[in-house]
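Peer 1: Predicted coordinates and the sequence they were generated for:
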Amino acid sequence: MIRDAGTTSGTAIRYESVTFSYEGGAEAPALERVSLDVRRGERLGILGPNGGGKSTLLKLTLGLLRGYSGTIEIEGLAPDEAAKRRLIGYVPQRVEAELSFPITARHAASMAASAGLGPFASGRGAREQADRALSMVGASSIAEKPVGTLSGGQLQRVMIARALASRAKILLLDEPTVGIDPAGQKQFAELIQRLHDELGLTTIVVSHDLRTVAATSDRVACLARTLHYHDSPEGLTPHVLAEVFRHDAAAIFGDLHVDAHRAAECSHDHSHDHGHDHGQEHGAQGNHGGGS
Ligand code: ADP
Ligand code: MG
């Protein structure tokens, strides 16, 4: 049974010691003993460097990749079963979205609506559901535009509408702010808040960008093959960040020993200018080939 979207207690997704290696991939597993409870109705951020295994974790959750060890349960169901019941809405990385949908925005949203009963379901047609979903994300005016002609922010809203038009109560968003300008990023954070408040959705935002995660999450998990940290955004100290982005830092600065005390002092001095996260962001982009 699908549980009430408004329920905000209990576990939406449970990961227990999840380990996964790609066939013919690197010797080290892409994910190693990842354990994490995603609470129903929470806004979770997963922060980590490119190649850290974020997309892999999402694809395992969606049943798109198989062959992991450990446990993944979505509302108590295995990923395949959860996918059949359309429990999860997925907003892929931008390039994948562009390639997959050479159609209009309304068509993209209504395809999902016709395949399941979304939060707006009441016996009306798929088109009406799609239009309500497009309206919810502020994309009504672009319903007739081909997906390929949309800006990054517009495309993202359409992809979110598409996820809402199915019956999803859990929304996974992979690198949602890549290619989106600062105004669009602010709108995106407001939209995530609204979906949380008005629809009671559980949202998981995956990103290498600290600001994206901080703006869209009540709780943050840091993932760099293993899980490094898992709590409120305020707990993302320079020490934690240095550890999570260690390989990015090493690629830029050489394999230096990170002094957590000096990092902490830096962050005190510049706590309002975001200076300390530029390096991580650039580092992550420098390794972009590792992303998927
Ligand atoms: P992220 O999304 O955090 O950037 P990914 O989950 O895409 O990280 O990748 C995690 C690791 O798995 C990386 O080392 C990446 O190179 C590797 N990887 C990703 N996709 C594949 C694939 N299809 N085959 C082999 N290795 C892969
Ligand atoms: Mg990725």
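Peer 2: Arrived safely. Ligands and ions are numbered 1, 2, ... in the order given.

Peer 1: which residues of the stretch 151-292 of the chain score low on pLDDT?
Peer 2: 251, 253-292 (pLDDT under 70).

Peer 1: switch to 80 and redo it
Peer 2: Within the stretch 151-292 of the chain, the stretches with pLDDT under 80 are 166-167, 229-230, 247-292.

Peer 1: can you check the stretch 1-150 of the chain too?
Peer 2: 1-9, 25-26, 94-103, 108-126.

Peer 1: Show me the residue of it that gets nearest to ligand 2, please.
Peer 2: Ser55 (3.2 Å; CB to the ion). Yep, even glycine has a C-beta here, placed from its N, CA and C like the rest.

Peer 1: so where does that residue fall, helix or strand?
Peer 2: For Ser55, the enclosing helix or strand under DSSP states H and E is helix 54-61.

Peer 1: Now do that helix: which elements does it pack against?
Peer 2: strand 11-20, strand 31-39, strand 69-74, strand 170-174, strand 202-207 (3 or more CB pairs under 8 Å, 6 or more residues apart in numbering; DSSP states H and E).

Peer 1: most neighbours per residue, which of the ones you listed?
Peer 2: Highest mean neighbour count among the helices and strands packed on helix 54-61 (mean count of other CB atoms under 10 Å): strand 202-207, with a mean of 26.

Peer 1: Identify the residues contacting it?
Peer 2: For strand 202-207, the surrounding residues in contact (CB atoms under 8 Å, 6 or more residues apart in numbering) are 12-13, 38-47, 54-55, 57-58, 169-177, 192, 195-196, 212-213, 216-217.

Peer 1: List, out of those, those positioned next to ligand 1.
Peer 2: Lys54, Ser55 (CB under 6 Å from any ligand atom).

Peer 1: The helix or strand harbouring Leu241 and ligand 1 in contact?
Peer 2: Using DSSP H and E, the element containing Leu241 is helix 238-244. No. Using CB under 6 Å from any ligand atom, helix 238-244 never reaches ligand 1; the gap is at least 11.0 Å.

Peer 1: How far does the helix or strand following that helix sit from its chain's centre?
Peer 2: Going down the chain from helix 238-244, the next helix or strand is helix 246-253, by DSSP H and E. Relative to the chain's own centre, helix 246-253 is displaced by 24 Å; criterion: CA atoms, centre = their mean, to the nearest Å.

Peer 1: Stretch 195-209 too?
Peer 2: Distance, stretch centre to chain centre, for stretch 195-209: 8 Å (CA atoms, centre = their mean).

Peer 1: Just the endpoints, please. Distance across that stretch?
Peer 2: Stretch 195-209 has its terminal residues 21 Å apart, counting by CA to CA, to the nearest Å.

Peer 1: what does stretch 16-30 give?
Peer 2: For stretch 16-30, the first-to-last residue distance is 16 Å (CA to CA).

Peer 1: repeat for stretch 215-231
Peer 2: 15 Å.

Peer 1: for the helix ranked longest in the chain, packing partners?
Peer 2: Longest helix of the chain, by residue count under DSSP state H: helix 182-199. Using 3+ CB pairs under 8 Å, 6+ apart, the elements in contact with helix 182-199 are strand 43-47, helix 126-136, helix 152-165, strand 202-207, helix 210-216.

Peer 1: tell me which strands and helices the shortest one is in contact with?
Peer 2: Right, the one you point to is strand 43-47. Looks like strand 43-47 contacts helix 182-199, strand 202-207, helix 210-216, strand 219-224 (3+ CB pairs under 8 Å, 6+ apart).
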